[in-house]
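Trainee: let me see the structure of the following:
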Amino acid sequence: MKRKLNLLPFIIVAIIFFALNAYVLSGLGTINQSTWLSPIFWVFIVGLTFALLYAIQQMRIQGMNRFFQIISHAFLIIFAAELVFAFFLLLGDIYRLLLGLSTNFQPEGFHILGRSNYWVDFAFVMFCLTIALFAYGITQGKYAYRVIKHTLYFDDLPASFDGFTLTQISDVHAGSFTNSKAVQKGIDMINAQKSDLFVFTGDLVNNASSEIAPYIGHFSQIKAPFGQFSVLGNHDYGDYIKWPTEADKIQNLNQLKAYHKELGFKLLLDEHVELHKNGEKIILAGIENWGIGFGERGDLNKALQNTNVDDFKILLSHDPSHWDAQVKNYPSKIQLSLAGHTHGMQFGIEAFGIKWSPVKYRYKHWAGIKTENGRYLNVNRGFGFLGFSGRIGIWPEITVIELKKK
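Mentor: So this is what the prediction gives:
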């Protein structure tokens, strides 16, 4: 029996979408009262909406394509700008209503032409700035690499490793890249740090191993005296596309593992290595992806097998939810964990003492350093991008961490 489609959610979304656009049009009508404004506005909005629906249908058949990216990004930009415009327009309307009521203004006299042109003009300026901001994020922001440095202090760091540095990147998502010269700029910035150790914390590709092939020559340039190490992320397993057979999916993962080796990365799959210096050592462990809602594959016990409780340990684990679930209270102390996964949602504010992104409502800690129970976690904001082909406020990150002994 065919399941009956529930149209109510679609009807509710359509009504809200129509109401938003009608409200935006009322504000634009305050600025420009041309009779042509309304039909042009609705033709554009309806046309863009149907183009998006068609693009989604084609994507389901053909997979991700350029047409879908262009239409979806155009829709996202316009929709975000409309929300900003409507927000400031609403503030002005509420102020006028309250002002009218406080001066015995009759509600039936409240009409659109009573709006302050200055306030509507301000809302329109914010509308235009939103479009400009998204345009920058798409054309420039996604490759605007930032080097973020942290110095962390430990009581139990072996003395020989005092001043030891590591560079971390995460979430390359090579299938999203369109500018090899910009990617090379990021590689040059990584090598310029001259760190002792390089680590990559997962999501080399979006779906298929072939996505990294054009960039092997770029990422294989990364070198560090103590080596280059990596782990897998949730996207690396090929779980988000349909494969002809299970054997094809397995072959894709095996090929991706081979590409890690070709890049010069030692892939840690629930295992660890010892890094030695002047007769002392630290443990570098890496696990397969373990993330709440994204596959709990990794085995921390296996990764730390044959290590000692008092060993200084660094763990590579793609998803920061693993740190909260297992790592921060693990019986054998893991002094430093390195993760990625969140991308900071590629959108947010980190300025003037403000640190906010919508991803905070999904992850307790989504970027930067966190300390708890005498242990550190660093969440890298990601080197690449996925879904939204851009970054706004949350820029691609190269993390450099220096270990210091207290």
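Trainee: how many neighbours does V13 have?
Mentor: Using other Cβ atoms under 10 Å, the number of residues around V13 comes to 10. For the C-beta atoms, the positions are set from N, CA and C on the backbone; glycine is no exception.
Trainee: next one: phi and psi at it?
Mentor: phi -60, psi -40 (degrees, to the nearest 10).
Trainee: could you check how far it is from L253?
Mentor: Using Cβ to Cβ, to the nearest Å, V13 is found at 37 Å from L253.
Trainee: likewise for T178?
Mentor: 25 Å.
Trainee: with G390 instead?
Mentor: 29 Å.
Trainee: who has more neighbours, these two?
Mentor: Taking other Cβ under 10 Å, G390 and L253 do not tie; G390 has more neighbours (23 against 14).
Trainee: wait, doesn't the more buried one sit right on L133?
Mentor: No. Counting by Cβ atoms under 8 Å, L133 is not a contact partner of G390; they are 9.7 Å apart.
Trainee: domain boundaries for this structure, per the record?
Mentor: Recorded structural domains for the chain (assignment: automatic domain parsing) are 8-139, 144-405.
Trainee: looking at those domains, which one is packed in the most?
Mentor: Mean neighbour count (mean count of other Cβ atoms under 10 Å) peaks for domain 144-405 among the domains of the chain, with a mean of 19.
Trainee: will you turn the domains of the chain into a markdown table that also has mean pLDDT?
Mentor: Below are these laid out as a markdown table (pLDDT from 0 to 100):
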| stretch | mean pLDDT |
| --- | --- |
| domain 8-139 | 85 |
| domain 144-405 | 96 |
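Trainee: which residues sit in contact with I222?
Mentor: Taking Cβ atoms under 8 Å, 6 or more residues apart in numbering, we find I222 in contact with 187, 190-191, 198, 228, 263-264.
Trainee: quickly check those for the two that are furthest apart.
Mentor: The largest separation in the contacts of I222, counting by Cβ to Cβ, is between N191 and L263 at 13.8 Å.
Trainee: how much space separates L263 from L152?
Mentor: 27 Å.
Trainee: meant to ask about E397, not that
Mentor: Relative to L152, and taking Cβ to Cβ, E397 is found at 16 Å.
Trainee: downstream of the longest helix anywhere in the chain, the next helix or strand is which one?
Mentor: When the chain is parsed with DSSP state H, its longest helix is helix 66-102. Note on helix 66-102: by DSSP states H and E, the next helix or strand toward the C-terminus is helix 117-139.
Trainee: identify all contacting residues around that following helix.
Mentor: For helix 117-139, using Cβ under 8 Å, 6+ apart, the contacting residues are 27-28, 30-31, 73, 76-78, 80-82, 84-85, 88-89, 91-92, 95, 346-347, 389-392.
Trainee: next helix or strand past that helix?
Mentor: Proceeding C-terminally, helix 117-139 gives way to strand 146-154 as the next helix or strand, assigned by DSSP H and E.
Trainee: same for that following strand, what does it pack against?
Mentor: Other helices and strands packing on strand 146-154, by 3 or more Cβ pairs under 8 Å, 6 or more residues apart in numbering; DSSP states H and E, are strand 368-372, strand 397-405.
Trainee: need these in a markdown table (columns: distance to A285).
Mentor: Listed next are these as a markdown table, based on distance: least, Cβ to Cβ, whole Å:
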| stretch | distance to A285 |
| --- | --- |
| strand 368-372 | 19 |
| strand 397-405 | 16 |
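Trainee: among the contacts of I222, which ones are in strands?
Mentor: 198, 228 (DSSP state E).
Trainee: and the gap between V43 and F50?
Mentor: Taking Cβ to Cβ as the measure, V43 and F50 are separated by 11 Å.
Trainee: dump the residue contacts of T151.
Mentor: T151 makes contact with 401-402, 404 under the criterion Cβ under 8 Å, 6+ apart.
Trainee: try 10 Å
Mentor: Counting by Cβ atoms under 10 Å, 6 or more residues apart in numbering, T151 makes contact with 163, 165, 400-404.
Trainee: okay if I get those residues as TSV plus distance to V120?
Mentor: Below are these laid out as TSV (distance: Cβ to Cβ, whole Å):
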residue	distance to V120
G163	58
T165	53
V400	47
I401	49
E402	52
L403	55
K404	55
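Trainee: and which of these is nearest D156?
Mentor: Using Cβ to Cβ, L403 is the member of the contacts of T151 that lies nearest D156, at 11.0 Å.
Trainee: apart from its neighbours in sequence, what residue is nearest the spatially most central residue of the chain?
Mentor: In the chain, the residue lying closest to the centroid (Cα atoms, centre = their mean) is H343, at 2.3 Å. Of all residues not flanking H343 in the chain, G382 sits nearest, at 4.2 Å (Cβ to Cβ, 6 or more residues apart in numbering).
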